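Novice: Structural data only, the sequence is not supplied:
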């Protein structure tokens with residue numbers, strides 16, 4: 001009986017031990033899976049899917065990976081309706097993105113922040129972040145994202161009521 005108990009405890013101990021590279025690999029797979037799901041158009045993702053990445057990257061990841069992580073976590077919390085958590089996550093993502101200098105990701109994050117502020121009826125911040133997104137896409141000369149964001153920026157200006165600015169907005 002004591003041997004069974006010993007081997008049971010040993011088995012539990014071995015199951016709990018993981019190689020460091022497998023934890024890192026699982027974290028990358030977790031983040032990659034969430035990114036691919038969002039790119040495929042899935043907007044309701046279980047937060048547990050990103051858990052390995054959230055446990056690993058904030059202390060061990062580089063700025064580019066952490067920017068993606070916090071952006072994805074922001075999207076998950078946004079779709080859960082936890083807008084305050086989404087904003088905090090997007091702010092972390094913006095900090096990391098500025099370190100890397102990825103203007104395209106900065107535009108995506110700013111646009112997501114604008115969407116979040118729009119959901120909370122904070123029209124002023126919605127307009128501010130939509131403008132930042134437009135500027136980031138403009139700096140990247142990403143005409144597709146810039147045009148789509150310009151349309152949304154016009155809508156934000158119309159909601160905020162500076163109609164003159166909405167009419168003056170132009171691409172390029």
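Specialist: Structure received. Model, not experiment: these values are computed from the prediction.
Novice: Just to check, residue 112 is in contact with residue 71?
Specialist: Yes. The pair residue 112 and residue 71 passes the contact test of CB atoms under 8 Å, sitting 7.1 Å apart. (Each C-beta comes from the backbone N, C-alpha and C, glycine too.)
Novice: Need the overlap of contacts for those two.
Specialist: Residues touching both residue 112 and residue 71 by CB atoms under 8 Å, 6 or more residues apart in numbering: residue 90.
Novice: Between those two, point out the one with more neighbours.
Specialist: More crowded of residue 112 and residue 71, by other CB atoms under 10 Å: residue 71, with 25 against 21.
Novice: how near is that one to residue 121?
Specialist: 23 Å (CB to CB, to the nearest Å).
Novice: Kindly report the same for residue 78.
Specialist: 15 Å.
Novice: Quick check, central residue of this structure?
Specialist: residue 71 (1.2 Å; CA atoms, centre = their mean).
Novice: Identify the residues contacting it.
Specialist: 89, 90, 93, 97, 105, 108, 109, 112.
Novice: Now the last one: which helix or strand?
Specialist: Using DSSP states H and E, residue 112 falls within helix 103-119.
Novice: who touches that helix?
Specialist: 67-68, 71, 74-75, 78, 83, 86-87, 90-91, 93-94, 97-98, 123, 125-130, 132-134, 136-137, 139-140, 142, 145, 149, 152, 156, 159.
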